[in-house]
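> Sequence and predicted structure are below.
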Amino acid sequence: MSDAVLSARTALVTGASSGIGWETARLLAGHGATVLVHARTTAEAEAAVERLVAAGARRDQLVEFAADFTRLSEVAVLAGTVVEHYPSLDLLVNNAAAMAPERCTLTDDGNEVSLQVNFLAAHLLSKLLRAPLSAAGDARIVNVSSSLHRTASMNWSDPHRVKKYSRVAAYAQSQLALTMATADMAPAGSGVTAVSVNPGLCDTALLPLYGRVGAPAAEGAAAVVRLCLPGTVVANGAYFDGEVIAPPAPVTQEERSLKRLAKLADQLVGRAA
């Protein structure tokens, strides 16, 4: 595939070392985009780029970036580096995700690990990259969410679920938060549109959380990349199940809850913002 529809565009894909993230990077490169390939470590980013080149991407289209999202300071450094070198950013694909561990685990920032990696990092990136996204004119943020967000509830009094922990509940809450926050990532007048998408059940590192057989990661990535294409018309805050627009969890439309989440997220990212 090489239709060059994204040839003048730059995309940052988080969690691009494997699974849906890697396939998303591959497909975006196939459409001609310059892809900023994010991974947890430099070695993982370099290996991902090597595999992308082997799969047919041009090396000059790919730029590797490393940041461990369990450390918000590294998220901030990543954003600062992108801002320095890319004054215009057309696409931000918030794909990075971690499976919640068996026991409640807090990062050095004091946040439950899946809440931080799956939501807070995306929240922080969208804020710190606002300038280059706005400069692009019609930039898009695509948040890779999960249908599990519909089963979740926000534990406002104990967002890290220290008192009563369940790995499924923690992971689902992180995806609910990401879906709820999507519209807020592209405020009116910013020139940015943000959407979220459930890519479907795919054979990735997160599959054991669901305990079923998954489709190839490339199928999920195709649903993500479709929302990145200029020919796909999207509305800010929209939620997609695969290629079909769908109703998200009702709480995502509750103004009071959205304001509460925005305040909580700003508090939890703290000094890194």
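Yep, it's here.

> where's the nearest residue to residue 246 once chain neighbours are set aside relative to residue 183, distance?
Leaving aside its sequence neighbours, residue 246 sits nearest to residue 239 (CB to CB, 6 or more residues apart in numbering; 5.9 Å). The C-beta positions use only the backbone N, C-alpha and C, and glycine is treated the same way. Look at residue 239 and residue 183: by CB to CB, to the nearest Å, they are 10 Å apart.

> any common contacting residues for the two?
Common contacts of residue 239 and residue 183 (CB atoms under 8 Å, 6 or more residues apart in numbering): none found.

> circling back: does the residue nearest to residue 246 really touch residue 179, like I thought?
Yes. Contact status for residue 239 versus residue 179: in contact at 6.2 Å, counting by CB atoms under 8 Å.

> Next, show the common contact partners of those two.
With CB under 8 Å, 6+ apart as the test, residue 239 and residue 179 both reach 145, 196, 248, 252.

> Tell me which entries of the residues you listed lie within strands.
Among the shared contacts of residue 239 and residue 179, the ones falling in strands (DSSP state E) are residue 196.

> Assess the claim that residue 94 and residue 143 are in contact.
Yes. With contact taken as CB under 8 Å, residue 94 and residue 143 are classed as touching, separated by 4.7 Å.

> between these two, who's got more neighbours?
More crowded of residue 94 and residue 143, by other CB atoms under 10 Å: residue 94, with 28 against 25.

> Contact partners for the more buried one?
By CB under 8 Å, 6+ apart, residue 94 lies in contact with 14, 121-122, 125-126, 141-144, 178.

> can you do 6 Å?
By CB atoms under 6 Å, 6 or more residues apart in numbering, the contact list for residue 94 reads 14, 122, 143.

> which SSE is the closest residue to residue 12 other than its chain neighbours in?
Leaving aside its sequence neighbours, residue 12 sits nearest to residue 36 (CB to CB, 6+ apart; 4.2 Å). Element membership of residue 36 [criterion: DSSP states H and E] is strand 34-39.

> who's in contact with that strand?
Contacts of strand 34-39 (CB under 6 Å, 6+ apart): 10-12, 14, 16-17, 25, 28-29, 45, 48-49, 61-66.

> same for whichever helix or strand comes after that strand, what does it pack against?
Downstream of strand 34-39, the first helix or strand assigned by DSSP H and E is helix 42-54. If contacts are counted by 3 or more CB pairs under 6 Å, 6 or more residues apart in numbering; DSSP states H and E, helix 42-54 sits against strand 34-39, strand 62-66.

> Residue 227: how many residues sit nearby?
Residue 227: 22 surrounding residues under other CB under 10 Å.

> any idea how far stretch 97-108 is from the chain center?
Centroid separation for stretch 97-108 versus its chain: 17 Å, with CA atoms, centre = their mean, to the nearest Å.

> try stretch 108-124
In terms of CA atoms, centre = their mean, the centre of stretch 108-124 is set 12 Å apart from its chain centre.

> now do stretch 53-63
Centroid separation for stretch 53-63 versus its chain: 22 Å, with CA atoms, centre = their mean.
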